[in-house]
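Novice: Dropping a prediction and its sequence here:
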Amino acid sequence: MIDFEEALRIILNNTKTLDSERIFLDQALNRVLFKDIYAKENIPSFDNSAMDGFALLNEDLLPLKNALPVKLKIAGEVSAGAKPIPIKKGEAVKIYTGAPIPQGADTVIELELTKVNADEVEILAYKEKGSNIRKIGEDIKKGDLLLESGKVLRGYELGILASQNIVTLDVFRMPRVGIFVTGDEVLDVGQEKTSDAQIRSSNHISIMGLLESMGVKPTFLGIIKDDKESIKNTLNRIEEFDILISTGGVSVSDKDFTKEAVKELGFDVKFHKVAVKPGKPMMFATKGDKLFFGLPGNPVSCVTNFDIFVRPSIKKMMGYKDIIKPFMRAKLIAPIKRKSSDRLEFLRGILNLEQELLVEALPKQGSHMLTEFRSANCYILVPKGVNEIPAGEFVDVIMFSSYIR
């Protein structure tokens, strides 16, 4: 049995970042940029007004410094999308936000600081030269690094790319993930029970949902009976995927054939027990560049191991830079006590974010109690070797929201 840190190190050392694929901009939300993108155009591409007002020559405003009135002839107006018009000394042009600055103008006075009388405008306050003008290239200069490789593309970044007329781009390919469940007693959703000893598979539904929240489209390979040859046939399909995940079949039971099948097919088993709770019986194996995760059958163990082991591997494949989310520190409301301290434990908890960070472990922590996730919003980490943490102490916490991606 190996420690959590060693298990994660082995997994990430055996995980390779995937190659690229070219997609359209409108498909790129939450994808990871494969290579640097440089600006093709200046943004703004022309000098334009930051607000509605009057464009003019700053030298015409100088009398205001001596409390003398300034009245200028209105020489026209220019709106967004229109061609700029020339301006002369003693003139002002009415201008709208985003409109090009008239030729010769160097200042825009906001509308609130003017008084219009027929074809004349009185300027009521002085402004420095260049006021309220967005200069060409002020936001982005042509040739500047726009976005770096490894950047997760949110709506903000997509807007930046659209402003550069980038229609297609290279992103890291999404991993191909296959999932199967083992067990004679397991039924799929929609199947009727013929015995009280049968259980419905919630694991593959949970894992597929978690994968889809990452943008991955998994393939469900079915519920495989506890038969070594059937399991081997399913494992042989690993060549179709980057990652193959099973749930169940990795504990010490005589009928847990997955370990035997994996070894007989020539997989390189890196470990099959980890000092974490829940989720000790977990297998990680490789076949070339392909990865196999044998997750426990207990629902909470299965989901927790996905979060702490499988998710970082997938994020590395997808090109993420921040593969492992940092812990938060929160003050414990109620004490934590446990009988055994031989494993790092991930307790489901409730973190209060309203004022100071306060956290409390849920009373029920059974590895089969999936419903407790309804109330929880975080994992509380109880280190190996620690039996008790008193109230008021600070503990490491990982928010579930940190696992969305």
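Specialist: Sure, I can see it. Numbers count the residues shown, from 1 in each chain.
Novice: What sits closest to D47 if chain neighbours are left out?
Specialist: I101 (4.3 Å; Cβ to Cβ, 6 or more residues apart in numbering). (Each C-beta comes from the backbone N, C-alpha and C, glycine too.)
Novice: can you pull the contacts of that neighbour?
Specialist: 46-49, 55, 84, 95, 108, 133 (Cβ atoms under 8 Å, 6 or more residues apart in numbering).
Novice: Would you mind measuring from it to V93?
Specialist: To V93, I101 is 9 Å away according to Cβ to Cβ, to the nearest Å.
Novice: Pull up the overlap in contacts between those two.
Specialist: Common neighbours of I101 and V93 (Cβ under 8 Å, 6+ apart) are A55.
Novice: Tell me the secondary structure at L161.
Specialist: Classification of L161 by DSSP: H, G, I helix; E, B strand; the rest coil places it in helix.
Novice: Number of residues surrounding Q191?
Specialist: 12 (other Cβ atoms under 10 Å).
Novice: partners of the closest residue to it other than its chain neighbours in the sheet?
Specialist: Using Cβ to Cβ, 6+ apart and skipping residues adjacent in sequence, the residue nearest Q191 is R200, 7.4 Å away. Judged by DSSP bridges, the bridge partners of R200 are L187.
Novice: I'd like the distance between R200 and L265.
Specialist: 29 Å.
Novice: I'd say G266 and K287 touch.
Specialist: Yes: G266 lies in contact with K287 (Cβ atoms under 8 Å); the separation is 6.9 Å.
Novice: Which one's more surrounded, these two?
Specialist: Set G266 next to K287 and count neighbours by other Cβ under 10 Å: K287 wins out with 17 against 9.
Novice: quick one: contacts for that one?
Specialist: Contacts of K287 (Cβ under 8 Å, 6+ apart): 238, 265-268.
Novice: Next: K89.
Specialist: K89 neighbours (Cβ under 8 Å, 6+ apart): 57, 59-60.
Novice: now do F400
Specialist: Per Cβ under 8 Å, 6+ apart, neighbours of F400: 376-379.
Novice: Make JSON lines from the contacts of K89 and add neighbour count, distance to I350 and secondary structure to it.
Specialist: JSON lines is the format used below for these (neighbours: other Cβ atoms under 10 Å; distance: Cβ to Cβ, whole Å; DSSP: H, G, I helix; E, B strand; the rest coil):
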{"residue": "L57", "neighbour count": "20", "distance to I350": "64", "secondary structure": "coil"}
{"residue": "E59", "neighbour count": "11", "distance to I350": "65", "secondary structure": "helix"}
{"residue": "D60", "neighbour count": "18", "distance to I350": "65", "secondary structure": "helix"}
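Novice: ok, these vs G248, which is closest?
Specialist: L57 (79.0 Å; Cβ to Cβ).
Novice: Can you read off the pLDDT for that closest one?
Specialist: Here the pLDDT value assigned to L57 is 98.
Novice: can I assume it is in contact with V93?
Specialist: No: checked against Cβ under 8 Å, the pair L57 and V93 is beyond contact range at 10.6 Å.
Novice: my read is E157 is in a helix, agree?
Specialist: Yes: counting by three-state DSSP, E157 is part of a helix.
Novice: Quick check: bridge partners of the closest residue in space to it that isn't next to it in sequence?
Specialist: Residue nearest to E157 in three dimensions, not counting chain neighbours: L147, with 6.0 Å by Cβ to Cβ, 6+ apart. Bridge pairing for L147 (DSSP bridges) gives the partners I37.
Novice: Next: the one 5 residues further on.
Specialist: Here V152 sits in beta bridges with V32, going by DSSP bridges.
Novice: wait, isn't it in contact with Y320?
Specialist: Yes: counting by Cβ under 8 Å, Y320 is a contact partner of V152 at 6.9 Å.
Novice: Name the residues that touch stretch 272-280?
Specialist: 1-4, 7, 250, 259, 281-284, 294-296, 298, 300-302, 304-305, 308-309, 342-346, 365, 367, 384.
Novice: any idea of the mean pLDDT for it?
Specialist: Averaging pLDDT along stretch 272-280 gives 94.
Novice: Compute the first-to-last residue distance for that stretch.
Specialist: Distance across stretch 272-280, first residue to last, is 8 Å (Cα to Cα, to the nearest Å).
Novice: you'd agree L61 is in a helix?
Specialist: Yes: assigned with three-state DSSP, L61 falls within a helix.
Novice: Confirm for me that it is in contact with P69.
Specialist: No: using Cβ under 8 Å, L61 makes no contact with P69, being 11.2 Å away.
Novice: wait, what's in contact with D139?
Specialist: 43-44 are the contacts of D139 under Cβ under 8 Å, 6+ apart.
Novice: can you do 6 Å?
Specialist: Shown in contact with D139 (Cβ atoms under 6 Å, 6 or more residues apart in numbering): I43.
Novice: So, low pLDDT: which residues of the stretch 201-350 of the chain?
Specialist: 249-256 (pLDDT under 70).
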